[in-house]
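K.L.:
Sharing a sequence plus its predicted fold:
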Amino acid sequence: MSAKKLKMNNITIDFPGVRALNGVDFTAETGRIHALIGANGAGKSTLMKVLSGAYGHYTGDITLDGEKIEITTPADAQRYGIQTVYQEVDTAIIPSLTVAENIMLNQTVQSMENKHWINWNRLFKQAEDILSGMNLCIPVKKLAGELTLAEKQLVLIARAISSNCSILILDEPTAPLSHTETTELFRIARELAQKGVGIIFISHRMPEIFELCNELTVMRNGEFIVKKNTSEVTPNQVIEYMLGRKLEDQFPSRVSPYGETLLDVEGLTDGGKVKNTSLHVKAGEIVGIAGLVGAGKTELCKALFGAVPHVTGTVKLNGKSLKLTSPHSAVKSGLALVPEERRKEGVLVSESVTSNLTAVNLKKFTGFLSFINRRAEKKTALEYISALGIKTSSETSRVENLSGGNQQKVAIGRWLIADAEVYIFDEPTKGVDVGAKRDIFELIAQLAAQGKGVVYASSELSEIVGITNRVYMLYDGEPVKELETAKTTEEELLFYSTGGR
């Protein structure tokens, strides 16, 4: 089967006050895996939303195998075999339907629209055949809401290839996955490519790009920069293309000496994942909580923040015992949490940048009769937008219109205004490019330099080694080892994170 070539020529698109894409060219072929990369805000997602029909007000041409095609709606894209699996898996899956119904959703909707009877036995058999063709054993009659995140993602891929898929767009597909789940995803991607599907792979993770992809396109500031075979370039060269400059040292120097113990936790247990956890954090210290996906890092962070009921154990701040019955009580006590799922829990996506930055500490901006002082609120928001380097057209822009890295800076900024004692970061660089990562590392180092205590939870072991002073290794919800990170390696951390004793 001969390869089809997809070309996007001179694609330009404007939104109020900003040109998001400026004359971008992009080419991909069926049967190959093509990485689309760039810093947050480079225009990757916008370009793919043009291709998938989400944005129809662009200028420029799209051709498939030399024939000009018009894509202005998602239905147009699907008609030409272009399917997308977005990063927010839970918003695309329908939890109350079975796996089979989710996979065959497009065909089921068409049958209902045409008032045809649905042959349920055939529907389940078709779904089974698709999963079997992917070498997957997911029960087709199981409710999708009962699946793991990785299984949901694979079901969405199965849905995409169930209907004439020639180009499959995968947007940050490995961000929530463990190493084993990522390996399985890569196996499926390679098999799909061998069957003639073209895959466009969006990721910030360089090792994955060089392991999986045949070629890559780099974008920067809404423009095409370069297209290369992955065999022709090195990761450092790609990062320089992304940033437009040489990459500086990624991690700031560790801060020392430390002060007195700020946070002291003994025997913390949540009745579920978190088991008998003890740890301490000193003033000016960055303490890592490390482990593989599913080790219990997020659950521990939420338990420390009072977001989990029925927690036992003791938590002391500055020697004073805390009763963390809710996030509200945690905030009043001087704790702050920047959660992993920033769009769900870390920011108010439909609200402005200003509202998000000031939401945690509105009392600071309220005066007589509890009216909000909008002038003071705006002044503070502009100060933090500048200090944090948040890229936004205006302080009134909605957070959902910002890139992932800038959303994360907003999520962090709101707590800087609140001025907490201990900051808890759960996977703070998830889905964030190398440039924004360095900005976040600098922010965290500055907090430590101010004498704040920092808990840094991550499955990225290179980050744990690079930025923390000490680390607690979690395995199955329980700390198995405490290490000084200046005296350890990623290999040793991996040993303990996989259950080594």
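P.N.:
Good, I have the coordinates.

K.L.:
can we go C-alpha only for contacts and neighbour counts from here?
P.N.:
OK.

K.L.:
list the contacts for the one residue sitting closest to the centre of the chain?
P.N.:
In the chain, the residue lying closest to the centroid (Cα atoms, centre = their mean) is Gly431, at 3.6 Å. Counting by Cα atoms under 8 Å, 6 or more residues apart in numbering, Gly431 makes contact with 172, 175, 203-204, 404-405.

K.L.:
quick one: it and Leu483, what's the gap?
P.N.:
27 Å (Cα to Cα, to the nearest Å).

K.L.:
ditto for Trp120
P.N.:
The span separating Trp120 from Leu483 equals 55 Å under the rule Cα to Cα.

K.L.:
Look at the two and report which has more neighbours.
P.N.:
In this view Trp120 and Leu483 are compared by other Cα atoms under 10 Å, and Leu483 has more residues nearby, 17 against 12.

K.L.:
That one should be in a strand, yeah?
P.N.:
Yes - counting by DSSP: H, G, I helix; E, B strand; the rest coil, Leu483 is found in a strand.

K.L.:
pLDDT of the host helix or strand of Ser355, averaged?
P.N.:
In this assignment (DSSP states H and E), Ser355 forms part of helix 353-358. Helix 353-358 carries an average pLDDT of 89.

K.L.:
mind exporting it as PDB, just the C-alpha atoms?
P.N.:
Only the C-alpha atoms of helix 353-358 are listed here, as PDB (Å, rounded to 0.1, in the frame of the first residue of the first chain):
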ATOM      1  CA  VAL A 353      -5.700  35.100  34.900                       C
ATOM      2  CA  THR A 354      -6.300  37.800  37.500                       C
ATOM      3  CA  SER A 355      -9.200  35.900  39.100                       C
ATOM      4  CA  ASN A 356      -7.000  32.800  39.300                       C
ATOM      5  CA  LEU A 357      -4.000  34.500  40.800                       C
ATOM      6  CA  THR A 358      -6.000  36.200  43.500                       C
END
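
K.L.:
Which secondary structure elements does it sit against?
P.N.:
For helix 353-358, the contact count by 3 or more Cα pairs under 8 Å, 6 or more residues apart in numbering; DSSP states H and E identifies helix 374-388, helix 404-418 as packing neighbours.

K.L.:
Select from these the stretch with the lowest mean pLDDT.
P.N.:
Across the helices and strands packed on helix 353-358, the stretch with the lowest average pLDDT is helix 404-418; it has a mean of 83.

K.L.:
who touches that helix?
P.N.:
Contact partners of helix 404-418, identified using Cα under 8 Å, 6+ apart, comprise 40-41, 336, 338, 342, 346-347, 353, 356-361, 384, 388, 390-391, 399-400, 428-429, 431-433, 436-437, 440.

K.L.:
Now do that helix and helix 374-388, the angle between them.
P.N.:
Inter-element angle recorded for helix 404-418 and helix 374-388: 120 degrees (by axes from the mean of the first three to the mean of the last three Cα atoms, to 10 degrees).

K.L.:
name the helices or strands packed onto the helix or strand just after helix 404-418?
P.N.:
Per DSSP H and E, the first helix or strand lying C-terminal to helix 404-418 is strand 422-426. Contact here means 3+ Cα pairs under 8 Å, 6+ apart; on that basis strand 422-426 packs against helix 297-304, strand 335-338, strand 453-458.

K.L.:
buried residues in strand 422-426?
P.N.:
Of the residues in strand 422-426, those buried under the neighbour-count criterion (16 or more other Cα atoms under 10 Å) are 422-426.

K.L.:
just the angle between that strand and helix 404-418, please?
P.N.:
Computed by the same axes, to 10 degrees, the angle between strand 422-426 and helix 404-418 is 160 degrees.

K.L.:
partners of strand 422-426, with directions?
P.N.:
strand 335-338 (parallel), strand 453-458 (parallel) (DSSP bridges).
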